[in-house]
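**Q** prediction below, plus the sequence it came from.
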Amino acid sequence: MFNTVKRIAVGLAALSISVGAFAQSDRAMDLDALLKQLEEGQFAQSQQNKQRERDFQAQRAEQDRILRETREKRDQMLAQSEQLETQFEENEFKLADLNGALDTRLGSLKELFGVLQQIAGDTKNKFYNSVISAQIQGRSEFLDQMAQDMGSSSKLASIEEIERVWFEMQREMTESGKVTTFTTDVVEAGGEKVNKSVVRVGPFALVADGKYLDYNGVTGTVSELVRQPADRYNDSAAKLQASNGELVQFGIDPTGGSILGLLVQAPNLKERVEQGGVVGYIILIVGAFGLLLALERLVTLTLTRMKVNKQLKSKEVNTNNPLGRVLKVRDEHPNADVEALELHLTEAILGEVPKLGRNLTIIKIISVVAPLMGLLGTVTGMINTFQAITLFGTGDPKLMAGGISTALVTTVLGLVVAIPMTLLYAMLNTRSKNIVYILQEQASGVIAERAERG
């Protein structure tokens, strides 16, 4: 029925086409020609439908074949899966039986291998950070591989491997008591790698060219410390490297580098001063100025005292010293009475006192002001510390370290300046007064002599 309807539709379509063509053409078409044209179109459409039906049947057969093959493959995989599951269960039972038999046969050896595995792991960690590994390499890799193999329980250590573990431990102990020299690549502070002769002091230190070295177990490289410890430690390292067997005092770090790391992080004198900030620099400038004044006064008073002592031993008056200038007053007033001569001598002594005590007041002021400036830096540093606490809390002590360093360093700098300035002032003031006492003593002697003559 579907085919019939389809044929009628096709006929109507052909009819409409023919009518359209007829409308467009000027010539007439009779009914027989139209009927013949419809029959030909109907026949062509029937042939096309049959070809389409044959194509569809062929594709359906192909799809049925693919579906049949897929079902067969699925059934084969299901069967294989069941077979593998059965085999897996059987293998698990066999494996459990074999493990039980292995544990029974091992007996106490299992505990031995467990201890051996633990020792291998601990020794590997020790070799990993030991400076001896810079000279003897490849030890930690062997112990690491051995510990992993034994941990998998699929491989037991052989006699040769057990003996090598004992040998490496014994060699570590033996090398720990030696000071040896070997050649290796050293990464300098500038980043350049240079082959150098390195001295190893047991498991404690590595030195080369008078500098301490650091061994990195991760990369297996030897490098210079970016910051070296104090010069006295570097000097001992240079002496050790130049030694030919004689005893040399040398500083070692028994903690494996922890103390040395803290030692090189300690700030030097310049960094300590920089921690004082602006107030610290001002204190140092004032102290340097006071020190220059004190040195000038010390030299001047020392030379003056030497000239005064020389004048005391000489009867000839020399005006290059205070005593000579005071005694010259006596010669300038030979006929003056005692009272007038006393006044002239007093005037001469009073003229010499300011010269002898010049700049001593400034030194005294610096000795008093320096600790006050240190106190100012202390207050400033504590203000900065409290501001850091207000902003960031007390969780990180490093945030407060800057203010605390300023507070403490400025106090120290103030005391460092004040203490020597106070001592210098006392010493210089004493020397100045001693010279003044000599002038007064000699003046009194001159007055007494004039009084006896009168």
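**A** Noted; the coordinates are in hand.

**Q** residue 182 and residue 195 touch, don't they?
**A** No. Contact between residue 182 and residue 195 fails when scored by C-beta atoms under 8 Å: they sit 11.1 Å apart. From N, CA and C alone the C-beta is placed, and that goes for glycine too.

**Q** who has more neighbours, those two?
**A** residue 182 (13 against 9; other C-beta atoms under 10 Å).

**Q** which residue comes closest to the more buried one once chain neighbours are left out?
**A** Once flanking residues are discounted, residue 182 sits nearest to residue 135: 4.8 Å by C-beta to C-beta, 6 or more residues apart in numbering.

**Q** what are the ranges of the helices in the stretch 101-250 of the chain?
**A** 109-129, 139-151, 159-176, 231-242 (DSSP state H, counting those that start in this stretch).

**Q** TSV for those, including mean neighbour count, distance to residue 204 and mean pLDDT?
**A** Formatted as TSV, the helices of the stretch 101-250 of the chain follow (neighbours: other C-beta atoms under 10 Å; distance: least, C-beta to C-beta, whole Å; pLDDT from 0 to 100):
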stretch	mean neighbour count	distance to residue 204	mean pLDDT
helix 109-129	16	12	75
helix 139-151	18	18	74
helix 159-176	13	9	84
helix 231-242	15	12	78
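
**Q** among those helices, which is nearest residue 203?
**A** The closest of these to residue 203 is helix 159-176. By C-beta to C-beta, the value is 4.8 Å.

**Q** look at residue 447 and report its pLDDT.
**A** Reported pLDDT at residue 447 in the predicted model: 88.

**Q** with residue 49 instead?
**A** 77.

**Q** list the contacts for residue 169?
**A** By C-beta atoms under 8 Å, 6 or more residues apart in numbering, the contact list for residue 169 reads residue 123.

**Q** change the start of the numbering to 42 and stick with it
**A** Taking 42 as the first residue, the last one we looked at is residue 210.

**Q** could you report the distance from it to residue 201?
**A** 15 Å (C-beta to C-beta, to the nearest Å).

**Q** okay, and the beta partners of the nearest residue to residue 239 once chain neighbours are set aside?
**A** Sequence neighbours aside, residue 249 is the residue nearest to residue 239 in space, at 4.7 Å (criterion: C-beta to C-beta, 6+ apart). For residue 249, the beta-bridge assignment (DSSP bridges) gives partners residue 252.

**Q** residue 249 and residue 462, how far apart?
**A** 45 Å.

**Q** tell me how far stretch 402-416 lies from the chain's centre.
**A** The chain centre lies 39 Å from the centre of stretch 402-416; the measure is C-alpha atoms, centre = their mean, to the nearest Å.

**Q** what does it contact?
**A** For stretch 402-416, contacts defined as C-beta under 8 Å, 6+ apart pick out 320, 323-324, 327-328, 330-331, 334-335, 338, 451-456, 458-459, 462-463, 465-466, 469.

**Q** could you pull out the buried residues of that stretch?
**A** For stretch 402-416, a neighbour-count test (16 or more other C-beta atoms under 10 Å) marks 403, 404, 405, 407, 408, 410, 411, 412, 414, 415 as buried.

**Q** circling back to that earlier point, the residue nearest to residue 223 touches residue 220, doesn't it?
**A** No. Using C-beta under 8 Å, residue 176 is not in contact with residue 220, being 11.8 Å away.

**Q** who's more crowded, the two?
**A** residue 176 (18 against 15).

**Q** now do the contacts for the more buried one.
**A** Contacts of residue 176 (C-beta under 8 Å, 6+ apart): 216, 221, 223, 225, 239, 241.

**Q** find the nearest non-adjacent residue to the first one, please.
**A** If I follow you right, that is residue 216. Distance criterion C-beta to C-beta, 6+ apart; nearest residue to residue 216, sequence neighbours excluded, is residue 173 at 5.0 Å.

**Q** give me the neighbour count for that neighbour.
**A** 22.

**Q** report pLDDT for it.
**A** Confidence score, pLDDT, at residue 173: 85.

**Q** please tell me I have it right and it contacts residue 217.
**A** Yes. In this structure, residue 173 is within contact of residue 217 by C-beta under 8 Å, at 7.2 Å.

**Q** for residue 394, which non-adjacent residue is spatially closest?
**A** Nearest to residue 394 is residue 477, by C-beta to C-beta, 6+ apart, at 5.9 Å.

**Q** that concludes my questions; thank you for your assistance.
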